[in-house]
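**Q** okay, sequence plus prediction incoming.
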Amino acid sequence: MLNKNQISQYHKNGYLTGIQIFDRIGAGYYREQFDALEKKEGREKCQTGLQSRHFEEKFIWEIASNPKILDCIEALMGFNILLLASHFFCKYGNGETATKFVAWHQDVTYWGLEPPTTMTAWYAIDDSDVENGCMRCIPGSHNKGLRDHGKSSIEGNLLSINQEVRVSDVEDKSAVDFILKAGEISLHDGAIIHGSSPNRSDRRRCGLTLRFIPAHVRQVSENSLRKEWRPILMRGEVKYISGVEKAPF
Ligand SMILES: O=C(O)CCC(=O)C(=O)O
């Protein structure tokens, strides 16, 4: 799935974007599946309340276990791969009045993992662009260590404990937008600084984040939700058995 150049770009910049997983028909099928889930759960819940639902919803498991996605993860992280979690980030179009955003942050800061090595595949359920608040990141920031996170002073941060990392104007200006068509993914390192702006369009912007870890990573303290992760082995093997769940489907 990934060539040598993409692999070295990922390690240098901390991200890759625009990788096609499904064609228009496949992307349409998974959008319809999400639409049905949204109907059942309601919009409020869908914003950030659908966590690790791959244990119950077959379509989420199908995306998470898609061989093309796993090939990308394997190329970047090695053969022994666990799915740590999945989580929808859904921002509804609110034009100029939109407030919901994702503050600049580094994923691994509050995840309780040792070593803090993770990678996210962000799967676009909907087309995602600047107007509807696509993901953004600061290239290369994954190689500069983990920073202290404070609380955001702006109303509407979708992160679980309102965390936010300060960035300089120079860093802010260097940010890259992950513009994706439905059915594509971006990939980002767990230590990269990233976030997203409010959805100022009249369209939904829904993404499914799939969190992967190499099999030597362990949970050593509570995560920000005060929960235990429920990792599933996707490829290769794990040396320790406890805490690893079976594939749900
Ligand atoms: O989807 C978004 O806007 C943010 C997602 C995010 O912060 C993440 O994948 O860690």
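**A** Great, that's in hand. Residues are numbered from 1 along each chain as shown.
**Q** wait, Ala64 touches Arg211, no?
**A** No: in this structure, Ala64 is not within contact of Arg211 by C-beta atoms under 8 Å, at 9.6 Å. Any C-beta I mention is one placed from the backbone N, CA and C, and that applies to glycine too.
**Q** run through the residues that contact Cys134.
**A** 128, 177-180, 196, 205 (C-beta atoms under 8 Å, 6 or more residues apart in numbering).
**Q** chain center to the helix ranked longest in the chain: distance?
**A** Identified as the longest helix of the chain according to DSSP state H is helix 24-41. Relative to its parent chain, helix 24-41 has a centroid offset of 18 Å by C-alpha atoms, centre = their mean, to the nearest Å.
**Q** got the buried residues for that helix?
**A** By 16 or more other C-beta atoms under 10 Å, the buried positions in helix 24-41 come out as 27, 30-31, 33-34, 37-38.
**Q** which neighbouring elements make contact with that helix?
**A** helix 58-64 (3 or more C-beta pairs under 8 Å, 6 or more residues apart in numbering; DSSP states H and E).
**Q** pull out the buried residues from the helix it packs on.
**A** Going by neighbour count (16+ other C-beta under 10 Å), the buried part of helix 58-64 is 59-61, 63-64.
**Q** distance check, the residue sitting nearest the centre point of the chain against the ligand.
**A** Nearest to the mean C-alpha position of the chain, by C-alpha atoms, centre = their mean, lies Thr209 at 3.1 Å. Plainly put, Thr209 is 4 Å away from the ligand if you go by C-beta to the nearest ligand atom, to the nearest Å.
**Q** paired strands for the helix or strand encompassing that residue, with orientation please.
**A** Per DSSP states H and E, Thr209 falls inside strand 205-214. Paired strands of strand 205-214, with direction, are strand 81-91 (antiparallel), strand 119-124 (antiparallel) (DSSP bridges).
**Q** with just CA atoms, put the first one into PDB.
**A** Extracted in PDB, the C-alpha atoms of strand 81-91 (Å, rounded to 0.1, in the frame of the first residue of the first chain):
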ATOM      1  CA  ILE A  81      -0.400  -4.900  15.600                       C
ATOM      2  CA  LEU A  82      -3.200  -4.400  18.100                       C
ATOM      3  CA  LEU A  83      -6.300  -2.300  17.600                       C
ATOM      4  CA  LEU A  84      -6.500  -0.200  20.800                       C
ATOM      5  CA  ALA A  85      -9.800   1.600  20.200                       C
ATOM      6  CA  SER A  86     -12.000   3.200  17.700                       C
ATOM      7  CA  HIS A  87     -13.800   6.500  18.100                       C
ATOM      8  CA  PHE A  88     -16.000   8.700  15.900                       C
ATOM      9  CA  PHE A  89     -15.500  12.400  15.700                       C
ATOM     10  CA  CYS A  90     -18.500  13.900  14.100                       C
ATOM     11  CA  LYS A  91     -19.000  17.700  13.600                       C
END
